[in-house]
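J.: this one's sequence-less:
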């Protein structure tokens with residue numbers, strides 16, 4: 001699937017992005033504002049409901065407290081407590097005149113309380129349970145509540161509980177009145193003597209007045225009472241018919257309140273609507289009622305929803321204004337210059353006219369882009385002009401290349417011929433190298449043989465050098481012996497001289513000894529002379545031996561050099577032989593390469609012909 005954004009113009013893309021940013025920003029702001037406002041409204045409403053609930057609860061309790069306080073005033077009246085037991089069966093109804101003065105005076109007192117405090121029906125029962133006085137004027141007067149026809153009635157219950165102390169008896173149907181009634185009852189004592197029971201019908205209209213009094217100004221709201229039987233104990237304006245003891249309400253709030261709990265929660269009311277419900281228990285003197293104050297959640301959220309609608313309307317207006325403004329600005333600032341650039345480029349493409357220039361007098365990014373585009377067009381114009389010049393030069397060069405290629409083609413043909421001749425010569429060189437290789441191998445063998453002979457002569461010279469060294473040492477020993485003989489001859493001559501001197505001193509006696517000494521002296525001189533000659537001969541021999549040693553040493557060195565040179569020569573011949581073999585291999589490879597070059601030369605000649613044709617075509621173009 002293709003992305004629709006690819007076909008969208010830059011201006012429309014920018015407008016879309018701009019609107020999305022504005023829309024998301026306003027949407028988030030509106031959402032946060034709505035949730036915060038709704039939460040604040042909910043908190044305020046729960047606080048108001050709590051105040052209303054507590055206020056109604058306090059008023060109802062105060063109503064019952066006031067009624068009981070007023071009844072205490074009446075029962076403490078001396079006329080009542082002293083004469084209750086004297087009331088006769090001829091007791092009158094609330095609007096008749098007593099023939100009995102006591103009844104008349106009691107009626108006057110009760111009438112004052114009814115007028116002063118707005119009481120309902122008032123009842124007096126003696127200690128036996130006889131209903132001796134009532135302001136209702138009903139058929140229950142003068143009946144016994146213990147064993148009479150109304151012994152199981154709500155009034156009988158009030159009498160029985162009133163004997164024990166102050167009591168509140170919840171509403172129930174009472175036949176003599178033909179409607180529901182509830183009673184507050186309390187005992188009447190004259191000093192410490194029980195006289196009977198005073199009962200007052202609970203004024204439901206006062207309860208309704210308290211419950212129907214509007215406390216919440218901005219919302220409708222409803223506050224009502226529910227008994228332990230889940231029937232309403234007050235009327236409500238939200239239901240047209242009489243709801244008192246006729247309408248059943250069994251919601252979670254009522255159940256929690258009847259259990260003694262107290263609180264506020266979001267729940268459903270008796271009509272199934274979502275409501276904020278504040279509930280509490282009304283429990284006093286045996287009475288167990290639930291008091292509930294409720295406001296529809298929709299009413300709490302209504303002002304916030306109205307604000308939300310206004311914000312949405314404002315959001316739409318802002319988006320439309322932003323759309324118009326962004327459309328105008330983007331079209332003027334961005335789209336129009338870009339359109340001009342596109343038109344110029346299309347004109348250049350269609351007419352090949354590079355003299356076109358953009359005229360956009362702006363210094364922002366669009367203006368700099370237009371300037372860069374003008375520079376680019378100018379540079380492109382220069383490049384194309386340069387390309388034309390180059391094309392002309394290429395045409396001229398192509399002609400020259402064509403001519404050179406013809407020369408190259410001729411030289412290539414000549415080169416091919418030369419390569420064929422070189423190939424033939426290489427074959428002859430290869431044959432010559434093979435012959436040289438064979439001769440080199442033979443020379444290597446001869447060199448190795450000569451090297452062995454020279455090494456043997458070198459060993460003989462080394463032995464001669466050692467023998468001459470022994471002769472030199474022997475000659476030196478002989479020279480040392482001759483030196484010793486010379487010393488002996490010198491001493492012998494000296495002794496003979498001394499002997500001659502001594503013989504001369506002896507005269508005739510020493511003449512014979514003198515002759516002997518003279519001979520000894522002659523012998524010593526000849527011996528010394530012979531030793532000198534021998535020493536000279538020995539010295540001459542030593543000199544000649546030294547000269548011989550030098551010659552032999554020189555001969556040894558020469559032989560050593562000959563050995564080394566012969567060895568090197570042999571190695572060189574081996575290397576030459578290897579090199580010749582390598583040259584033979586290389587020559588074969590060269591011959592193969594020459595053949596390949598010859599083939600490539602033939603191909604090059606073909607390529608040169610093709611290039612020449614292309615150059616001629618290029619020159620013509």
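T.: Nice, I can see it. Here the structure is a predicted model, which is why all the values come from computation and not from measurement.

J.: give the residue farthest from the middle of the chain.
T.: Here the chain reaches farthest from its C-alpha mean at residue 508, the gap being 148.6 Å by Cα atoms, centre = their mean.

J.: what about that one, distance to residue 379?
T.: According to Cβ to Cβ, to the nearest Å, residue 508 stands 154 Å off from residue 379. From N, CA and C alone the C-beta is placed, and that goes for glycine too.

J.: one more: residue 490?
T.: Using Cβ to Cβ, residue 490 is found at 124 Å from residue 379.

J.: who has more neighbours out of those two?
T.: Applying other Cβ atoms under 10 Å to residue 490 and residue 379 shows that residue 490 carries more neighbours, namely 15 against 11.

J.: just give the closest residue to that one, not the sequence neighbours.
T.: Among residues not flanking residue 490 along the chain, residue 528 sits closest, at 6.5 Å (Cβ to Cβ, 6 or more residues apart in numbering).

J.: on the three-state scheme, that neighbour is what?
T.: Here residue 528 takes the helix state, with states given by DSSP: H, G, I helix; E, B strand; the rest coil.

J.: now do the domain split for this structure, please.
T.: Taking automatic domain parsing as the reference, the chain has its domains at 1-338, 399-620.

J.: could you dump these into JSON lines and include distance to residue 364?
T.: What follows is these, written out as JSON lines (distance: least, Cβ to Cβ, whole Å):
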{"stretch": "domain 1-338", "distance to residue 364": "8"}
{"stretch": "domain 399-620", "distance to residue 364": "48"}
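
J.: mean pLDDT lowest for which of those?
T.: Of all the domains of the chain, domain 399-620 carries the lowest average pLDDT, namely a mean of 72.

J.: can you map out the helices along the chain?
T.: Ranges of helices in the chain, per DSSP state H, are 10-75, 78-83, 101-117, 154-164, 204-212, 252-258, 297-330, 336-351, 365-506, 511-620.

J.: what's next to the second one, contact-wise?
T.: Translated: helix 78-83. Helix 78-83 is contacted from outside by 74, 75, 102, 105, 106, 109, 124, 188, 189, 190, 195, 198, using Cβ atoms under 8 Å, 6 or more residues apart in numbering.

J.: list the contacts of residue 534.
T.: Taking Cβ under 8 Å, 6+ apart, we find residue 534 in contact with 478, 482.

J.: distance check, it against residue 490.
T.: Distance, residue 534 to residue 490, using Cβ to Cβ: 15 Å.

J.: surely residue 500 touches residue 517?
T.: Yes. Under the criterion of Cβ atoms under 8 Å, residue 500 makes contact with residue 517 at 4.5 Å.

J.: picking up where we left off before, please tell me how far the residue farthest from the centre of the chain sits from residue 298.
T.: According to Cβ to Cβ, residue 508 and residue 298 sit 194 Å apart.

J.: check residue 501 too.
T.: 180 Å.

J.: contacts for stretch 340-356?
T.: 357, 358, 359, 360, 369, 370, 373, 377, 378, 380, 381, 384.

J.: could you dump these to JSON lines with neighbour count, pLDDT and distance to residue 43?
T.: Shown next, in JSON lines, are these (neighbours: other Cβ atoms under 10 Å; pLDDT from 0 to 100; distance: Cβ to Cβ, whole Å):
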{"residue": "357", "neighbour count": "11", "pLDDT": "71", "distance to residue 43": "68"}
{"residue": "358", "neighbour count": "18", "pLDDT": "70", "distance to residue 43": "63"}
{"residue": "359", "neighbour count": "8", "pLDDT": "72", "distance to residue 43": "64"}
{"residue": "360", "neighbour count": "18", "pLDDT": "68", "distance to residue 43": "59"}
{"residue": "369", "neighbour count": "16", "pLDDT": "73", "distance to residue 43": "56"}
{"residue": "370", "neighbour count": "21", "pLDDT": "70", "distance to residue 43": "59"}
{"residue": "373", "neighbour count": "17", "pLDDT": "73", "distance to residue 43": "62"}
{"residue": "377", "neighbour count": "19", "pLDDT": "75", "distance to residue 43": "68"}
{"residue": "378", "neighbour count": "13", "pLDDT": "72", "distance to residue 43": "71"}
{"residue": "380", "neighbour count": "12", "pLDDT": "74", "distance to residue 43": "71"}
{"residue": "381", "neighbour count": "15", "pLDDT": "68", "distance to residue 43": "75"}
{"residue": "384", "neighbour count": "12", "pLDDT": "74", "distance to residue 43": "77"}
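
J.: using JSON lines, please lay out the residues you listed together with distance to residue 421.
T.: Listed next are the contacts of stretch 340-356 as JSON lines, based on distance: Cβ to Cβ, whole Å:
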{"residue": "357", "distance to residue 421": "68"}
{"residue": "358", "distance to residue 421": "70"}
{"residue": "359", "distance to residue 421": "75"}
{"residue": "360", "distance to residue 421": "75"}
{"residue": "369", "distance to residue 421": "70"}
{"residue": "370", "distance to residue 421": "71"}
{"residue": "373", "distance to residue 421": "66"}
{"residue": "377", "distance to residue 421": "62"}
{"residue": "378", "distance to residue 421": "61"}
{"residue": "380", "distance to residue 421": "57"}
{"residue": "381", "distance to residue 421": "58"}
{"residue": "384", "distance to residue 421": "53"}
